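In: curious how this folds, go ahead:
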Amino acid sequence: MDKQHLCQEFKPLVKKYAGIYRRSVPDAESEAWLALLQGVHSFNPEQGVPLAGYLESRVKFGLLNLWKQEMKRKQMECQGDNVLAYIAAPDDPQAELVYKEIIERMLTALHELPQRQLMVLIHIFVYGRKLAYIAQVLGITVQAVNQIKNRALRRLKSRLI
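Out: Sure, this is the predicted structure:
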């Protein structure tokens, strides 16, 4: 197989998946190219699977796995920050109580949001998705997603202040 020809042929595929994960996976495009080349080396034509489908799945799931690893790493960092906050003030039960109350109020306010508003906020602030992507998934306009986000934030603000 001519690797240069394959790279030209599958460049849109690599760009597509790298674009999806660009914000959350470091060097997403490089990782996509690596997944593509690893797929070329591991491809077995005797299994009856089309090359294009096989390479697409390798790139797609390679980046998905990297995204999952990155999310776990970030989650561990956040948990580490919480531990540091407790260590920094171990003898201050008042600060710990205030911290827990704030968390409980936030969780209560989030649980009171309508499902759609909560879903939009999660996609924006947890997964870092763009409004256009969320609009496409929900089958609505970007303006509608923006309105849902703004309503949710106003509702949270009114419950927390």
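In: so Arg159 sits against Glu112, correct?
Out: Yes - counting by C-beta atoms under 8 Å, Arg159 touches Glu112, with 6.8 Å between them. Using the backbone N, CA and C atoms, a C-beta is placed for each residue, glycine as well.
In: what about Ile161, how many neighbours?
Out: 5 (other C-beta atoms under 10 Å).
In: low-confidence ranges in the chain?
Out: Applying pLDDT under 70 to the chain flags residues 1, 76-96.
In: all helices for it, in order.
Out: All helices of the chain, identified by DSSP state H, fall at 3-9, 11-21, 28-42, 51-88, 93-112, 115-121, 131-138, 142-160.
In: quick one: the second one to helix 131-138, angle?
Out: If I follow you right, that is helix 11-21. 100 degrees (axes from the mean of the first three to the mean of the last three C-alpha atoms, to 10 degrees).
In: got the contact list for helix 11-21?
Out: Residues from elsewhere that reach helix 11-21 (C-beta atoms under 8 Å, 6 or more residues apart in numbering): 28-29, 31-33, 36, 55-56, 59-60, 63-64, 66-67.
In: ok, and the most crowded of these?
Out: Ala32 (28 neighbours).
In: do you know how far that one is from Glu104?
Out: 41 Å (C-beta to C-beta, to the nearest Å).
In: over to Ser57?
Out: 43 Å.
In: and those two? Which one has more around it.
Out: A count of neighbours by other C-beta under 10 Å puts Ser57 above the other of Ser57 and Glu104, at 13 against 10.
In: one step back: can you put the contacts of helix 11-21 in JSON lines and add distance to Thr141?
Out: JSON lines is the format used below for the contacts of helix 11-21 (distance: C-beta to C-beta, whole Å):
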{"residue": "Ala28", "distance to Thr141": "27"}
{"residue": "Glu29", "distance to Thr141": "29"}
{"residue": "Glu31", "distance to Thr141": "32"}
{"residue": "Ala32", "distance to Thr141": "30"}
{"residue": "Trp33", "distance to Thr141": "34"}
{"residue": "Leu36", "distance to Thr141": "34"}
{"residue": "Leu55", "distance to Thr141": "34"}
{"residue": "Glu56", "distance to Thr141": "29"}
{"residue": "Val59", "distance to Thr141": "30"}
{"residue": "Lys60", "distance to Thr141": "27"}
{"residue": "Leu63", "distance to Thr141": "28"}
{"residue": "Leu64", "distance to Thr141": "27"}
{"residue": "Leu66", "distance to Thr141": "31"}
{"residue": "Trp67", "distance to Thr141": "27"}
